[in-house]
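Q: This is the structure alone, sequence omitted:
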Ligand code: AMP
Ligand code: MG
């Protein structure tokens, strides 16, 4: 297996001490290989999973030409330039076809979804006709083949509709069901083990001693991972103690495809986290030109990729969404661009920004007339988790950019969809 350091160093402009976010993303991306194992699951359970086979219809959907409206099935050439009177010879209902053939001067009452009777090609909606005593009066102005849905109009037999690598949404699940497919192949879920480190951390239920904070990172991590649909294992709070850390890392690496930790990666931190990461595997300690979230470790322990996130609660979320989320999607076999969606919005207030780093300010995105506008939430400190809770987007201020004036256009990443 190629060493991560070699892959990272091959990225143009790679500088571990002042790493551009794009370079960090590229380095991570270059190291990842998706999980290969497949599972067969019932169609309902495939929701949110990554498709691992090509879906090729064995049937046309719909299977027959049918009507999109309630009305009368007619032969278009029968309709004259004036009012036409036709003879009603029967009915075609959804699920109950008309058995005969419709001849000249005849028509059949038809309900939405019913198969077009032999001989007919056009449906006149019931609202415009007059039906009385077996005679149906049709006004002029009808168009040939109106209100008819054709066989294979939705899905065509033999023409692939969904490709491997696609994350399956509700519409896909319905579409697969419409083909009569009850079971399909998906990639195995990515396994993620996570824990938090820090001697100042107290667990919920224990009273806080002086200088302690409740561990919140495991809860935000749990939330973010759950939204991604990965399989996870929470290894708890791990004391800053070599034996405890070694046991946790070994435990995690034996099971997981990815290990996510928080805390202990800051510069000058006097603890055992960094040396333990380096001892048990390969770890790169980056200082990323970003705010919040500057220190971060990326590496591998055994077969598991390692994401050592900083300890500050907002930095955890920012680094997760900017690096880990995408990495986990790629590991899960998702095809195409997995990066968060970027939109343009107008800043309604000035934003403090220092050139030379990418900033992820927490913003509130709203619509004003035809325009998307954004303002920052209050305090932007990387320990102020409330700023994430109040926000509905990141305001992404690019590396080279300086202070933003009110009225300037900025990029935003809506939280909705980041799941
Ligand atoms: P560190 O990166 O370990 O230097 O931590 C930076 C800051 O984040 C410190 O103020 C920590 O108390 C805080 N912190 C670290 N881990 C957690 C956690 N799991 N939950 C809440 N706050 C944390
Ligand atoms: Mg710490």
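A: Done, it's in. This one's a predicted model, so the numbers in the text were calculated from it and none came from an experiment. Ligands and ions are numbered 1, 2, ... in the order given.

Q: Wasn't residue 316 part of a helix?
A: Yes. Residue 316: assigned to a helix according to DSSP: H, G, I helix; E, B strand; the rest coil.

Q: Contacts only, for it.
A: 217, 220, 221, 262, 293, 309, 310 (Cβ atoms under 8 Å, 6 or more residues apart in numbering). All C-beta spots, glycine's among them, are computed from the backbone N, C-alpha and C.

Q: hmm, try it at 7 Å
A: Residue 316 makes contact with 217, 220, 221, 262, 309, 310 under the criterion Cβ atoms under 7 Å, 6 or more residues apart in numbering.

Q: what's the answer for residue 40, then?
A: By Cβ under 7 Å, 6+ apart, the contact set of residue 40 is 183, 184, 185.

Q: what's whatever helix or strand the last one lives in packed up against?
A: In other words, residue 185. Here residue 185 sits within strand 183-187, counting by DSSP states H and E. Packed against strand 183-187, as judged by 3 or more Cβ pairs under 7 Å, 6 or more residues apart in numbering; DSSP states H and E, are the following elements: strand 38-42.

Q: which residues touch the nearest residue to residue 340 once chain neighbours are set aside?
A: Closest residue in space to residue 340, ignoring its immediate chain neighbours: residue 413 at 4.4 Å, by Cβ to Cβ, 6 or more residues apart in numbering. Neighbouring residues of residue 413 by Cβ under 7 Å, 6+ apart: 340, 341, 342, 393, 394, 396.

Q: Look at the second one and report its pLDDT.
A: Per-residue confidence at residue 341 stands at 93 (pLDDT).

Q: re the thing from before, quick check: of the contacts of residue 40, which has the highest neighbour count?
A: residue 184 (22 neighbours; other Cβ atoms under 10 Å).

Q: Who does it form a beta bridge with?
A: Beta-bridge partners recorded for residue 184 (DSSP bridges): residue 41.

Q: isn't it right next to residue 45, touching?
A: No. With contacts counted by Cβ atoms under 7 Å, residue 184 stays clear of residue 45, the gap being 9.6 Å.

Q: Report the separation between the residue lying farthest from the centre of the chain and residue 85.
A: No residue in the chain sits farther from the centre than residue 133, which is 57.3 Å out by Cα atoms, centre = their mean. Distance of residue 133 to residue 85, given as Cβ to Cβ, to the nearest Å: 11 Å.

Q: Just checking: what are the partner strands of the strand or helix carrying the residue nearest to residue 340?
A: For residue 413, the element it lies in under DSSP H and E is strand 409-414. Strand 409-414 has the following strand partners under DSSP bridges: strand 343-347 (antiparallel), strand 393-397 (antiparallel).

Q: Let me have these in CSV, extended by distance to ligand 1 and mean neighbour count.
A: What follows is these, written out as CSV (distance: least, Cβ to the nearest ligand atom, whole Å; neighbours: other Cβ atoms under 10 Å):
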stretch, distance to ligand 1, mean neighbour count
strand 343-347, 29, 17
strand 393-397, 19, 24
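
Q: Which of those strands sits closest to residue 247?
A: Among those, the nearest to residue 247 by Cβ to Cβ is strand 393-397 (35.7 Å).

Q: now that closest one: mean pLDDT?
A: Strand 393-397 comes out at a mean pLDDT of 98.

Q: now the helices: where do they sit in the chain?
A: 4-9, 21-31, 170-178, 217-228, 242-255, 273-280, 313-319, 325-331, 386-390 (DSSP state H).

Q: If we look just around ligand 2, which residues of this structure are in range?
A: 198, 263, 311 (Cβ under 5 Å from the ion).

Q: Going by neighbour count, which of the residues you listed comes out on top?
A: Of all the residues of the chain next to ligand 2, residue 263 has the most neighbours under the rule other Cβ under 10 Å, reaching 26 neighbours.

Q: Report the spatially closest residue to that residue, excluding sequence-adjacent ones.
A: Of all residues not flanking residue 263 in the chain, residue 311 sits nearest, at 3.5 Å (Cβ to Cβ, 6+ apart).

Q: Under the pLDDT cut-off, which ranges of this protein? List them.
A: Low-confidence segments of the chain (pLDDT under 70): 269-270, 419.

Q: and the residue of it nearest ligand 1?
A: Proximity of the chain to ligand 1 (Cβ to the nearest ligand atom) peaks at residue 311, 2.4 Å away.

Q: For that residue, which residues are in contact?
A: By Cβ under 7 Å, 6+ apart, residue 311 lies in contact with 198, 262, 263, 264.

Q: From what I see, the third one and residue 196 are in contact.
A: Yes. Contact criterion Cβ under 7 Å: residue 263 and residue 196 qualify, at 5.9 Å.

Q: got the helices of the chain as JSON lines, with distance to residue 418 columns?
A: Formatted as JSON lines, the helices of the chain follow (distance: least, Cβ to Cβ, whole Å):
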{"stretch": "helix 4-9", "distance to residue 418": "26"}
{"stretch": "helix 21-31", "distance to residue 418": "15"}
{"stretch": "helix 170-178", "distance to residue 418": "18"}
{"stretch": "helix 217-228", "distance to residue 418": "8"}
{"stretch": "helix 242-255", "distance to residue 418": "25"}
{"stretch": "helix 273-280", "distance to residue 418": "27"}
{"stretch": "helix 313-319", "distance to residue 418": "10"}
{"stretch": "helix 325-331", "distance to residue 418": "7"}
{"stretch": "helix 386-390", "distance to residue 418": "11"}
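
Q: which of the ones you listed sits most buried?
A: helix 313-319 (a mean of 26; mean count of other Cβ atoms under 10 Å).

Q: do that helix and ligand 1 meet?
A: Yes. Counting by Cβ under 6 Å from any ligand atom, ligand 1 is contacted by helix 313-319 at residue 313.

Q: returning to what we had before: mind listing what's buried in the strand holding residue 413?
A: 410, 411, 412, 413, 414 (16 or more other Cβ atoms under 10 Å).

Q: my guess is the third one contacts residue 346, does it?
A: Which is residue 412. No. Counting by Cβ under 7 Å, no contact exists between residue 412 and residue 346, whose distance comes to 10.2 Å.

Q: Okay then, goodbye and thanks.
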